[in-house]
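Colleague: With the sequence up front, the predicted model follows.
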Amino acid sequence: MEILRFLISYERLNDQQVRVSFVTCQVVALLLSVVFRYVLRPGRVGVTARHVFAVVVGMYMAYFCHRWQVIHFFIQSTVCYIIILASKPSNMHRYVFLFSMSYLTLCHIYRLYNNFGVYTLDFTGPLMIMTQKVTSLTCALHDGLYRDDSKLSPDQRKQAVRRIPSPLEYYSYMFYFVGVLAGPLTYYCDFTAWMEGTNLKPLIRVDEHGNEIVVIKEPSALGVVVRKAAVAACFGLTMLYLGPLFPARGNVDDLILAAPLMTRFGYLHASIIIARTKYYFAWSLADAISNAAGLGFNGYDECGNPRWDLISNLNIVKIEFSTSLKMLIDNWNIQTSLWLKRVCYDRAPSQPILMVYILSAMWHGFYPGYYFTFLGGALLTPAFRKMRSHLRHRFQSTARLRRLYDVITWMSTHFFLNYHVLPFVLLDWEPTVKFYSSLYFSIHILVLLVVILVPHRKQPRTQDNVTENSLRARMNGKVTNNTQQNGMKMNNNMVENGVESHRVQNGMFAGRQVRERITNGMKGSRTEYNGLMFAPNSAQQMS
């Protein structure tokens, strides 16, 4: 009886109960994802049944974790849908953006007032994801219903939505159980393809006689799901057992402040690494849930292996072993960076970079620690770029020097990153100023001197050093990738209006006298943008 009362109670849960409820719901969602893919698969049941199942389960999970605060999800999504129905396609994206961001801002202020200086797992997290969904949807509707196709970029043309979703489709998109609690952000076109079952393409081999042979009828995600779930479990246990030993607020404890400098920096790095594990846990588990349900398929690689990284938010190995801030940011909360580009940068009438900064800041919230990190990162970006331009070419003559350079850049990247990320975890003004004051803001001063005094050295644009691009080039969609043309691989820095070129061109690639193609004519693409990225509850201005 007590269990039933807890399941239907509307009383707000405390932070510990929310955390337990969150993990419980995500584990249940992982199991239901398997049911959704194989029992409620397209062709076996109708699309309507899939929508109903996804939205009903998702709404209850949102209620189970956040109780009466789930009303905020309904208010924002319902008002935005009314705006979509009532306004013209020429302006609906502006009205929806203004309302959704205003409502999210008010909720952030409410959270700041009630939980100042303390991180809690509350309703603003899912609301941030819903804000991304509804704003990206209305931008896609604006492109599909109003703008001339000839004026759209390839990416905008691909994402354009040609009709207003029905109420069931809309609420299913906003509340589907796979991503209602922790994301990741899925764009509406990818969502509808998943619901209709058209996202899972077979791999077909064309032999020398022109006969088509089905190599993979439907890609399996079993191995990927097991791996991602195991990674999430490992980081969850790490967070649970090591988190209390290295709390971030320990950096401003009098005992740590009085310790030798090396001890302090050692504790700083340990505490920030442990702080990252909660994001690794949540995002890896969310990715596993999506893949188990059949969402996230991104075509096949050169070897014909299925890729399940369409909506992945991070690459942990590349983050932890990054040798530059650019490399680290390219692999951290990728979907939010893509959202900032599609919704803000591509549509800003002027000063798009400044607009991205402002939108990212408002979207995150108003804790002072966030802005310490953003401003610190704004200085760190040009400082690292200048130092790289002066030093990198001096370490390229031998393999040993290149390895030494990698070690130095790996250490420096994580040292400066962790120093500037700490306020994002501390949140409050007082502990942040206390920590930096104890070091006399020396690192900030050093970075500022580099920015002011070190001249910029232009590098020759070669295959080896076209890796540090400006924020403007990044947000315009400059992507370095391996392009295969007629079976020959070459490195190429492509600019295609924000869309990464496909590695399989014309749908063909050669191998052992057999050419394979993907039936939709091209590989699924995953666009990565070089430069500034911003993520929920994470230090984003890090490059």
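Modeller: Perfect, thanks for sending it.

Colleague: which residue sits closest to C344, ignoring its sequence neighbours?
Modeller: If the residues on either side of it in the chain are set aside, C344 comes closest to L359, at 4.9 Å by Cβ to Cβ, 6 or more residues apart in numbering. Placement of C-beta: from N, CA and C, glycine included.

Colleague: now D301
Modeller: Nearest non-adjacent residue to D301 (Cβ to Cβ, 6+ apart): R307, at 5.6 Å.

Colleague: Could you report the separation of that neighbour from L104?
Modeller: To L104, R307 is 32 Å away according to Cβ to Cβ, to the nearest Å.

Colleague: can you check Q26 too?
Modeller: As judged by Cβ to Cβ, Q26 and L104 stand 23 Å apart.

Colleague: now do P244
Modeller: P244 is 32 Å from L104, where distance means Cβ to Cβ.

Colleague: Then P165?
Modeller: Distance from P165 to L104, by Cβ to Cβ: 21 Å.

Colleague: neighbouring contacts of the helix or strand hosting V28?
Modeller: For V28, the element it lies in under DSSP states H and E is helix 15-38. When contacts are defined by Cβ atoms under 8 Å, 6 or more residues apart in numbering, helix 15-38 is touched by residues 13, 50, 53-54, 57, 61, 64-66, 120-122, 177-178, 181-182, 225, 229, 236, 285-286, 288-290, 292-294.

Colleague: Please, where are all the strands along the chain?
Modeller: Along the chain, the stretches classed as strands by DSSP state E are 203-206, 212-216, 478-485, 488-495, 509-511, 514-518.

Colleague: Show me where this protein dips below the pLDDT cut-off.
Modeller: 1-10, 117, 459-543 (pLDDT under 70).

Colleague: one more time with 50
Modeller: Scanning the chain for pLDDT under 50 picks out 4, 462-474, 477-543.

Colleague: From the centre of it, point out the most distant residue.
Modeller: Each residue of the chain has a distance to the centre, and by Cα atoms, centre = their mean the biggest one is for H209: 43.8 Å.

Colleague: contacting residues around that one?
Modeller: Per Cβ under 8 Å, 6+ apart, neighbours of H209: none.

Colleague: Who does I213 form a beta bridge with?
Modeller: I213 has these beta-bridge partners by DSSP bridges: R205.

Colleague: Surely it touches R205?
Modeller: Yes: under the criterion of Cβ atoms under 8 Å, I213 makes contact with R205 at 4.6 Å.

Colleague: how close does the residue farthest from the centre of the chain sit to D253?
Modeller: To D253, H209 is 73 Å away according to Cβ to Cβ.

Colleague: Next: H93.
Modeller: Separation of H93 from D253 (Cβ to Cβ): 48 Å.

Colleague: Of these two, which one has the most company?
Modeller: Neighbour totals were compared for H93 and D253, and H93 leads with 25 against 13 (other Cβ atoms under 10 Å).

Colleague: So the more buried one is in contact with H142, correct?
Modeller: Yes: between H93 and H142 a contact is recorded at 4.2 Å, counting by Cβ under 8 Å.

Colleague: re the thing from before, if you count surrounding residues, which of P244 and L104 has more?
Modeller: Neighbour totals were compared for P244 and L104, and L104 leads with 21 against 9 (other Cβ under 10 Å).

Colleague: contacting residues for the nearest residue to the more buried one once chain neighbours are set aside?
Modeller: Counting by Cβ to Cβ, 6+ apart, the nearest residue to L104 once its immediate chain neighbours are dropped is T131, at 5.0 Å. By Cβ under 8 Å, 6+ apart, the contact set of T131 is Q76, S100, M101, L104, W363.

Colleague: C344 too?
Modeller: C344 touches P352, M355, V356, L359, counting by Cβ under 8 Å, 6+ apart.

Colleague: mind redoing it with 6 Å?
Modeller: The contact partners of C344, taken as Cβ atoms under 6 Å, 6 or more residues apart in numbering, are M355, V356, L359.

Colleague: and the residues you listed, which are buried?
Modeller: M355, V356, L359 (16 or more other Cβ atoms under 10 Å).

Colleague: For the residue nearest in space to the middle of the chain, give its distance to V57.
Modeller: For the chain, the residue sitting closest to the mean C-alpha position, by Cα atoms, centre = their mean, is N333 at 2.6 Å. Using Cβ to Cβ, N333 is found at 26 Å from V57.

Colleague: State the number of residues packed around Y95.
Modeller: Using other Cβ under 10 Å, Y95 is surrounded by 17 other residues.

Colleague: Would you mind measuring from it to S102?
Modeller: Using Cβ to Cβ, Y95 is found at 11 Å from S102.

Colleague: How about L401?
Modeller: From L401 over to S102 the distance is 54 Å, taken as Cβ to Cβ.

Colleague: what packs against the top helix by length along the chain?
Modeller: The longest helix of the chain (DSSP state H) is helix 261-292. On a contact count with 3 or more Cβ pairs under 6 Å, 6 or more residues apart in numbering; DSSP states H and E, helix 261-292 meets helix 15-38, helix 222-242, helix 399-426.

Colleague: Same list, the ones you listed, but as TSV with distance to D346 please.
Modeller: What follows is the helices and strands packed on helix 261-292, written out as TSV (distance: least, Cβ to Cβ, whole Å):
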stretch	distance to D346
helix 15-38	32
helix 222-242	31
helix 399-426	27
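
Colleague: just so I know, which of these lies nearest R249?
Modeller: R249 sits nearest to helix 399-426 of all these, at 6.6 Å, using Cβ to Cβ.

Colleague: quick one, that closest one and helix 261-292 angle?
Modeller: Using axes from the mean of the first three to the mean of the last three Cα atoms, to 10 degrees, the inter-axis angle of helix 399-426 relative to helix 261-292 is 80 degrees.

Colleague: Mind listing what's buried along helix 399-426?
Modeller: 405, 409-410, 413-414, 416-426.

Colleague: List just the nearest of those to T186.
Modeller: Relative to T186, the closest of these is F424; by Cβ to Cβ it sits at 25.5 Å.

Colleague: The closest one is in contact with P368, isn't it?
Modeller: No: the criterion here is Cβ atoms under 6 Å, and F424 misses it with P368 at 10.3 Å.

Colleague: circling back to that earlier point, kindly indicate which of the contacts of C344 lies nearest I443.
Modeller: Distance to I443, by Cβ to Cβ, is smallest for V356 among the contacts of C344, at 25.2 Å.

Colleague: Now do that closest one against P260, distance only.
Modeller: With distances taken as Cβ to Cβ, V356 is found 40 Å from P260.

Colleague: just L446 next, same as before
Modeller: Distance of L446 to P260, computed by Cβ to Cβ: 20 Å.

Colleague: The nearest residue to I75 once chain neighbours are set aside: neighbouring residues, count only.
Modeller: Distance criterion Cβ to Cβ, 6+ apart; nearest residue to I75, sequence neighbours excluded, is Y103 at 7.1 Å. By other Cβ under 10 Å, the residues close to Y103 number 18.

Colleague: Then D15?
Modeller: For D15, the neighbour count with other Cβ under 10 Å is 13.
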